[in-house]
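> Need a 3D model of the sequence below.
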Amino acid sequence: MVQSEGLIIDKFYIPPFTVDKGDIVIIELPNGPHFTEVLFRMVDVLTRKKEISSVAMNADFVFVNHIVEEGWTRFFRPMTVRRFIKRNANPSDWSVNKVYDLCDLKPTTQVRRLTNNHKKLLSMLTALSRTNNIIFDLLGV
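As a prediction, the model looks like this:
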C-alpha cells in the first residue's frame, strides 16, 4: 500500500518503511508545536495532497480530522451527531450508527458538547464508513 525510501520533512528524517494491507503503523513523534507541523506534512504526503518521489502509494488514505465547528451557524444551528453523520459518512454503511451505542449518544446531541474522545470516535467511525485505510492522530485524546 505504501513504500517509502525514507524522507525528510523540516530537517526531521523519517526512515524507510513499508505498509502492507492489514498493517497498523504507529509513528510516535516528540511533543511540541514543531512536531505537530511535521505530523501534518506527513499526513499530506500519505493522503496524496503532496507528492514526494521517495514515497510510492498504491492505495488512498483518509485522515480522520478533528471536529471543529466554524462560522456563525454554530451559534444559531449547532451541529448535531445525526447531521454530522449525514454529512460525513457513507449512507449505505450500517456501522456508523454504532457510535450511538459506543458513546451513549442521541442523534440530537450537539457535537460541541461531546468530549474529545467522543468527537474523535465519531470522526473515526464516519471515516471508516468510507474506507478502511485511515490515518489518525491522538491529539487531545
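> Strands along this protein, start to end?
Remark: strands assigned in the chain by DSSP state E are 2-4, 7-9, 12-14, 17-19, 55-57, 62-63, 134-135.
> Please list the outside residues in contact with the worst-scoring helix or strand of the chain on mean pLDDT.
Across the helices and strands of the chain, mean confidence by mean pLDDT, DSSP states H and E is lowest for helix 73-76: a mean of 76. Where contact means Cβ atoms under 8 Å, 6 or more residues apart in numbering, the residues beyond helix 73-76 that reach it are residue 112. All C-beta atoms are positioned from the backbone trio N, CA, C, and that covers glycine.
> Would you mind putting the CA coordinates of that helix into CSV?
Written as CSV, here are the backbone C-alpha positions of helix 73-76 (Å, rounded to 0.1, in the frame of the first residue of the first chain):
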residue,chain,number,x,y,z
THR,A,73,-24.2,28.7,12.1
ARG,A,74,-22.6,27.1,15.2
PHE,A,75,-24.5,29.7,17.3
PHE,A,76,-27.9,29.5,15.6
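> coming back round to it: kindly reformat the strands of the chain as a markdown table containing mean neighbour count, mean pLDDT and distance to residue 29.
Formatted as a markdown table, the entries for these read as follows, by neighbours: other Cβ atoms under 10 Å; pLDDT from 0 to 100; distance: least, Cβ to Cβ, whole Å:
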| stretch | mean neighbour count | mean pLDDT | distance to residue 29 |
| --- | --- | --- | --- |
| strand 2-4 | 17 | 87 | 16 |
| strand 7-9 | 15 | 85 | 10 |
| strand 12-14 | 14 | 84 | 8 |
| strand 17-19 | 14 | 89 | 14 |
| strand 55-57 | 17 | 88 | 17 |
| strand 62-63 | 17 | 88 | 15 |
| strand 134-135 | 15 | 85 | 13 |
